[in-house]
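Colleague: can you look at this prediction? I've put the sequence above it.
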Amino acid sequence: MSTAAAQATGGVPGTRYYDVAPGVRLNVRSGPGTSYNIVRLLPYGAKVPIYCQAPGTTVTGPYGTSKIWDNINNGEYVADAYVQTGSDGYIAARCG
């Protein structure tokens with residue numbers, strides 16, 4: 001399994017993973033906003049790690065409206081409004 005595939009499905013031991021909203025194939029972007037390129041698409045039922053978070057484009061999704069974007073891999077971000085973190089705020093350090 002590739003590192004990206006392992007991260008999308010929760011296959012890396014010792015890292016906390018968060019569920020992507022049910023029934024959603026989520027766009028992964030190269031930066032924290034909808035103006036950034038889509039680099040891949042997460043499959044239904046994906047789980048993602050959150051290494052850091054950054055402010056970006058405001059997005060409305062199943063878990064509310066948020067301008068927070070989650071860094072899930074080097075150069076890969078998803079809108080926090082589609083990730084079940086259990087919080088409306090930041091849960092990880094800000095990306096530097």
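Modeller: In hand now; what should we look at?

Colleague: who's the most centrally placed residue in the chain bridged to?
Modeller: Centrality entry for the chain: nearest residue to the mean C-alpha point is V78, 3.5 Å, by C-alpha atoms, centre = their mean. Beta-bridge pairing for V78 (DSSP bridges): D70.

Colleague: do you know the pLDDT at it?
Modeller: Confidence at V78, expressed as pLDDT, is 98.

Colleague: that one and G89, how far apart?
Modeller: Shown here: V78 relative to G89, a distance of 17 Å by C-beta to C-beta, to the nearest Å. Backbone N, C-alpha and C define where each C-beta goes, glycine included.

Colleague: so how far is C52 from the residue nearest to the centre of the chain?
Modeller: Where C52 is concerned, V78 sits at a distance of 13 Å (C-beta to C-beta).

Colleague: ranges for the strands of this structure?
Modeller: With strands called from DSSP state E, the chain shows them at 17-19, 27-29, 38-41, 47-49, 52-61, 64-73, 76-79.

Colleague: R94: which of those is closest?
Modeller: Using C-beta to C-beta as the criterion, the shortest distance between R94 and these is 6.2 Å, found for strand 52-61.

Colleague: quick one: neighbours of Q84, just the number.
Modeller: If you count neighbours by other C-beta atoms under 10 Å, Q84 ends up with 14.

Colleague: may I have the phi/psi pair for the residue lying closest to V20 once chain neighbours are set aside?
Modeller: In space, not counting the residues next to it along the chain, V20 is nearest to A46; the distance is 4.5 Å by C-beta to C-beta, 6 or more residues apart in numbering. Here the main-chain torsion angles of A46 (degrees, to the nearest 10) amount to phi -70, psi 150.

Colleague: report how many residues lie close to A46.
Modeller: If you count neighbours by other C-beta under 10 Å, A46 ends up with 25.

Colleague: flag the shaky bits of this protein, pLDDT-wise.
Modeller: Judged against pLDDT under 70, the low-scoring parts of the chain cover residues 1-13.

Colleague: same thing but at 80, please
Modeller: Flagging of the chain using pLDDT under 80 yields the residue ranges 1-14.
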